[in-house]
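A.B. asks: this is a predicted model, with the sequence first.
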Amino acid sequence: MRQIIHPGPVAAERMMAVPGEAIPIRFTLQQGCRIDEAISEGFRASGCIGGFVAFVGGKCEPFKYVIPAASPDGRHAAWYSDTFQPDGVVAIHRACAIVGIRDGGPFIHCHGVWSTREGLRMGHMLAPETFAAEPIDVSGIGLRTATFEAMPDGETNFILFEPVQVTGIGAGNSYVRAILAKVRPNEDISLAIEEICSTCDIGPATVYGIGSLNEVRFTDGTSIASHATEVLIRRGAVKDSDGHLEARLEVDVVDMGGNIHSGELVRGDNPVCVTFELVIAPA
């Protein structure tokens, strides 16, 4: 597969996965609230410390985001564009936020697709600088015994989420087991998910997550010639196929030109660019 060279030493561990006790969650982001603060408050009220949420529509103003870009120097293999701030209200079509902690406080990593006055756009939402223009419903999976924690990543020279377990928090009988995972660069995302499920003995599963891929190959034969992308899994599943697990991922992708692409990923030919963060739950 395609390989991308990052500035730091290659980490020996290419995938990280931790189990946690999870529950389905649903709450509303109140009008006028910052997106990151509103999501963090919803998790606290649910008794959860990490996981993911998906937006069920919603409008925001002001709204800020970035898209992937080439690195301006040798300190990173990829970087971000200048900040976009569309005029007026932005309507969210699809968005997914991975929820964790950074520097001891809550932190949100969000990719999505939204409509602006200029048309449909996709990127990495700057949640601390984006506000709900109306009540917005979100739903997802929250965990009480595991979360993502932002840490320095020597290989990529980024601060990235890593899954960690948290002790001393009881779950109770109403919780189910889920997996929080991170996949490092140059690993095929579908094969990595299959290995995580097999290693963690989770079997058929539903997959949620966001990340970046080095170019993209779709099952319909189309491809994206952009070494840096931002990706949102819009529908992900791991199924039993003749006695072995097989991942099928339908995604939205934005490239360095701001172009949006959607489709099902070719299994075995879609390597991670910088990182991919996942929440995997039994089907």
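C.D. replies: Sure, I can see it.
A.B. asks: just the pLDDT at Met1, thanks.
C.D. replies: Predicted confidence (pLDDT) for Met1: 86.
A.B. asks: distance check, it against Gly268.
C.D. replies: The gap separating Met1 from Gly268 is 8 Å, by C-beta to C-beta, to the nearest Å. All C-beta spots, glycine's among them, are computed from the backbone N, C-alpha and C.
A.B. asks: overlap of the contact sets of those two?
C.D. replies: Counting by C-beta atoms under 8 Å, 6 or more residues apart in numbering, the residues touching both Met1 and Gly268 are Asp188.
A.B. asks: can I assume Ile4 is in contact with Cys273?
C.D. replies: Yes: using C-beta atoms under 8 Å, Ile4 is in contact with Cys273, at 5.8 Å.
A.B. asks: ok so Glu37 is a helix residue?
C.D. replies: Yes: counting by DSSP: H, G, I helix; E, B strand; the rest coil, Glu37 is part of a helix.
A.B. asks: tell me who's in contact with it.
C.D. replies: Applying C-beta under 8 Å, 6+ apart to Glu37 gives the contacts Pro106.
A.B. asks: what about the stretch 151-283 of the chain, any weak spots by pLDDT?
C.D. replies: 168-174 (pLDDT under 70).
A.B. asks: what about the strands in it?
C.D. replies: Remark: strands assigned in the stretch 151-283 of the chain by DSSP state E, counting those that start in this stretch are 158-165, 176-183, 205-213, 216-217, 223-224, 230-241, 244-254, 260-264, 272-282.
A.B. asks: as TSV, these with distance to Gly20 would be great.
C.D. replies: Shown next, in TSV, are the strands of the stretch 151-283 of the chain (distance: least, C-beta to C-beta, whole Å):
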stretch	distance to Gly20
strand 158-165	7
strand 176-183	6
strand 205-213	14
strand 216-217	30
strand 223-224	33
strand 230-241	18
strand 244-254	20
strand 260-264	28
strand 272-282	9
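A.B. asks: center of the chain - which residue?
C.D. replies: Ile210 (2.2 Å; C-alpha atoms, centre = their mean).
A.B. asks: partners of that one in the sheet?
C.D. replies: Listed beta-bridge partners, Ile210: Leu232, Glu277 (assigned using DSSP bridges).
A.B. asks: isn't it right up against Val279?
C.D. replies: No: applying C-beta under 8 Å, one finds Ile210 not in contact with Val279, separated by 10.0 Å.
A.B. asks: which neighbours do those two have in common?
C.D. replies: By the contact definition C-beta under 8 Å, 6+ apart, Ile210 and Val279 are jointly contacted by Ile98.
A.B. asks: pop the domain breakdown of the chain in here.
C.D. replies: 21-142, 175-282 (automatic domain parsing).
A.B. asks: to Val10, which of these lies closest?
C.D. replies: domain 175-282 (8.4 Å; C-beta to C-beta).
A.B. asks: spatially nearest residue to Ala69, not counting backbone neighbours?
C.D. replies: Counting by C-beta to C-beta, 6 or more residues apart in numbering, Ala69 lies nearest to Ser81, which is 4.5 Å off, once chain neighbours are set aside.
A.B. asks: which residues does the one you found contact?
C.D. replies: Ser81 touches Val66, Ile67, Pro68, Ala69, Gly123, Met256, counting by C-beta under 8 Å, 6+ apart.
A.B. asks: same question for His111.
C.D. replies: Applying C-beta under 8 Å, 6+ apart, we find His111 in contact with Ala95, Cys96, Met122, Gly123, His124, Met125, Ile210, Glu230, Val231, Leu232.
A.B. asks: list buried residues within the residues you listed.
C.D. replies: Buried subset of the contacts of His111 (neighbour count, 16 or more other C-beta atoms under 10 Å): Ala95, Cys96, Met122, Gly123, His124, Met125, Ile210, Glu230, Val231, Leu232.
A.B. asks: tell me the two of those residues that are most distant?
C.D. replies: Of all pairs drawn from those, the greatest distance, 13.9 Å, lies between Met125 and Val231 (C-beta to C-beta).
A.B. asks: related to what we said a few turns ago, on the pLDDT front, check the residue nearest to Ala69 for me.
C.D. replies: On the pLDDT scale, Ser81 gets 98.
A.B. asks: now do the contacts for Asp188.
C.D. replies: Met1, Arg267, Gly268, Asp269, Asn270, Pro271, Val272.
A.B. asks: check the gap between it and Leu213 for me.
C.D. replies: Taking C-beta to C-beta, one finds Asp188 at 9 Å from Leu213.
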